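In: Structure for this input, please:
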Amino acid sequence: MKAIVVTEHGGPEVLAGAEAATPTPGAGEVLVDVSAAGVNYIDVYHRTGLYPIEPPFTPGLEGAGTVAELGEGVTEYAVGDQVAWSQVPGSYASQVVAPVAALLPVPSDVPPTVAAAVLLQGLTAEYLSSSTHPVAAGDEVLIHAGAGGVGLLLTQLVKHRGGRVIATVSSEDKAELSKEAGADEVIGYEGFADRVRELTGGRGVDVVYDGVGKATFEGGLASLRPRGLMALFGQASGPVPPMDPQTLAKHGSLYLTRPIGAHYLGPKEFRRRADGLFSLISSGELSVRIGGEYDLDRARLAHEDLEARRTTGKLLLVP
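Out: This next block holds a predicted model:
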């Protein structure tokens with residue numbers, strides 16, 4: 001099979017193509033022919049060593065494909081079934097072995113590229129809007145990177161729950177995409193905290209969903225109403241420096257949380273949340289934007305485009 005292998009932590013140039021023996025599924029596992037693998041910022045963090053994985057390793061956690069071989073004792077799936085996953089290491093490959101518990105059946109009306117594009121970012125958007133801060137009708141929400149993969153999905157889910165969305169973007173083209181997803185107000189990053197205050201009549205928003213990190217964190221705190229919530233779920237611009245908890249008091253007894261999927265996607269939650277996403281896609285209530293599809297051996301370019309913020313929506317690697 002073909003795979004991308006990282007032999008040392010570093011920039012996109014360390015993403016190298018390699019040939020490897022086809023893996024054999026063990027008990028409770030299946031071998032999957034990968035139709036598409038999702039490209040996510042967590043893959044960048046693994047590549048750079050910010051979230052350390054000992055090299056050599058094949059990056060990627062998310063994808064969709066067709067069951068090719070069953071391991072011992074597997075009865076949940078048959079060869080030829082379409083499946084998707086969001087937490088299977090080594091997904092930047094033409095084939096991957098996955099534990100049955102990590103897989104989801106894909107409805108026949110959801111294309112494999114869409115299934116690969118929605119799970120990790122869509123599940124993030126789902127738990128952020130339903131659990132981290134359960135959005136209620138009338139809530140005012142600030143979403144950073146509104147035209148990104150999570151941003152577009154999160155905007156739609158917040159609107160689905162009756163919230164009002166203010167989104168930040170970095171260009172006019174991205175502003176149009178954010179508006180198409182349902183954002184009520186789309187603004188730039190410069191002076192965004194003051195603009196948010198204007199748009200909320202001086203009150204501030206109920207919650208800030210921030211996947212940007214260092215560059216937007218302080219402004220995000222200044223955008224919140226008293227006792228509002230900062231949900232810091234990523235750090236595309238770099239990690240947030242250590243802060244004095246008194247800062248939260250100064251801005252109005254704020255709450256700060258750093259949600260990660262491992263604490264929101266237990267076995268039962270994983271299936272329930274994913275089924276909900278697929279249902280919204282099937283009904284046409286949730287649109288998944290695929291911003292780029294790259295051959296597997298162009299993983300380096302996919303990472304370069306992602307980190308340079310040249311992309312919108314979801315990026316996929318297609319073996």
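
In: phi, psi of residue 119?
Out: Note on residue 119: its backbone torsions stand at phi -70, psi -60 [degrees, to the nearest 10].

In: er, residue 262 I mean
Out: Per-residue torsions, residue 262: phi -60, psi -30 (degrees, to the nearest 10).

In: Point out the other helices and strands that the helix or strand harbouring residue 47 packs with.
Out: Using DSSP states H and E, residue 47 maps to helix 41-48. Here helix 41-48 touches helix 299-307, going by 3 or more Cβ pairs under 8 Å, 6 or more residues apart in numbering; DSSP states H and E. To be clear about C-beta, it is placed using only N, CA and C from the backbone, and glycine gets the same treatment.

In: in the helix it packs on, what counts as buried?
Out: Neighbour counts over helix 299-307 (16 or more other Cβ atoms under 10 Å) mark 299-300, 302-303, 305-307 as buried.

In: Name every strand pairing with the helix or strand following it and say which way it goes.
Out: Tracing the chain past helix 299-307, the next element assigned as helix or strand by DSSP H and E is strand 314-318. Partner strands and pairing direction for strand 314-318 (DSSP bridges) are strand 29-39 (antiparallel), strand 290-295 (parallel).

In: The residue lying closest to residue 257 once chain neighbours are set aside: how many residues sit nearby?
Out: Counting by Cβ to Cβ, 6 or more residues apart in numbering, residue 257 lies nearest to residue 231, which is 5.6 Å off, once chain neighbours are set aside. Other residues lying near residue 231 total 21 when counted by other Cβ atoms under 10 Å.

In: right, and residue 231 touches residue 127 too?
Out: No - at 9.9 Å, residue 231 does not count as touching residue 127 under the criterion of Cβ atoms under 8 Å.

In: Between the two, which contacts overlap?
Out: residue 259 (Cβ atoms under 8 Å, 6 or more residues apart in numbering).

In: between the strands paired with strand 314-318, which gets nearest to residue 235?
Out: Across the strands paired with strand 314-318, residue 235 has its closest neighbour in strand 29-39 (16.8 Å, Cβ to Cβ).

In: so what's the residue most central in space within the chain up against?
Out: With distances taken as Cα atoms, centre = their mean, the residue of the chain nearest its centroid is residue 121 (2.5 Å). Contact analysis of residue 121 by Cβ under 8 Å, 6+ apart lists 38, 40, 149-150, 153, 314.

In: wait, is it part of a helix?
Out: Yes - per DSSP: H, G, I helix; E, B strand; the rest coil, residue 121 lies within a helix segment.

In: can you tell me how far it sits from residue 316?
Out: 12 Å (Cβ to Cβ, to the nearest Å).

In: Can you check which residues contact both of the two?
Out: In contact with both residue 121 and residue 316: residue 38, using Cβ under 8 Å, 6+ apart.

In: Count the residues that sit near the nearest residue to residue 123 once chain neighbours are set aside.
Out: Nearest residue to residue 123 in three dimensions, chain neighbours excluded: residue 273, at 5.5 Å (Cβ to Cβ, 6+ apart). Neighbourhood size, residue 273 [other Cβ under 10 Å]: 23.

In: what about the one helix or strand residue 273 maps to, distance to the chain center?
Out: Per DSSP H and E: residue 273 is located in helix 267-282. Averaging C-alpha positions (Cα atoms, centre = their mean, to the nearest Å) puts helix 267-282 15 Å from its chain's average.

In: can you check stretch 288-307 too?
Out: Distance, centroid of stretch 288-307 to centroid of chain: 14 Å (Cα atoms, centre = their mean).

In: what do you get for stretch 102-114?
Out: 17 Å.

In: Can you point out the buried residues in it?
Out: So stretch 102-114, judged by 16+ other Cβ under 10 Å, has buried residues 102-106, 110-114.

In: Which two of those have the greatest separation?
Out: Within those, 102 and 111 form the most distant pair, 20.6 Å apart (Cβ to Cβ).

In: returning to that earlier point: for residue 159, see how far away the residue nearest to residue 123 is.
Out: To residue 159, residue 273 is 18 Å away according to Cβ to Cβ.

In: mind listing what residue 295 touches?
Out: So residue 295 contacts 317-318 (Cβ under 8 Å, 6+ apart).

In: I meant to write residue 116 there.
Out: Contacts of residue 116 (Cβ under 8 Å, 6+ apart): 35-38, 62-64, 84, 316.

In: Adding distance to residue 215, neighbour count and pLDDT, write those out as TSV.
Out: Shown next, in TSV, are the contacts of residue 116 (distance: Cβ to Cβ, whole Å; neighbours: other Cβ atoms under 10 Å; pLDDT from 0 to 100):
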residue	distance to residue 215	neighbour count	pLDDT
35	35	22	98
36	30	27	98
37	28	34	98
38	24	29	97
62	25	28	97
63	30	31	98
64	32	30	98
84	32	29	97
316	26	24	97
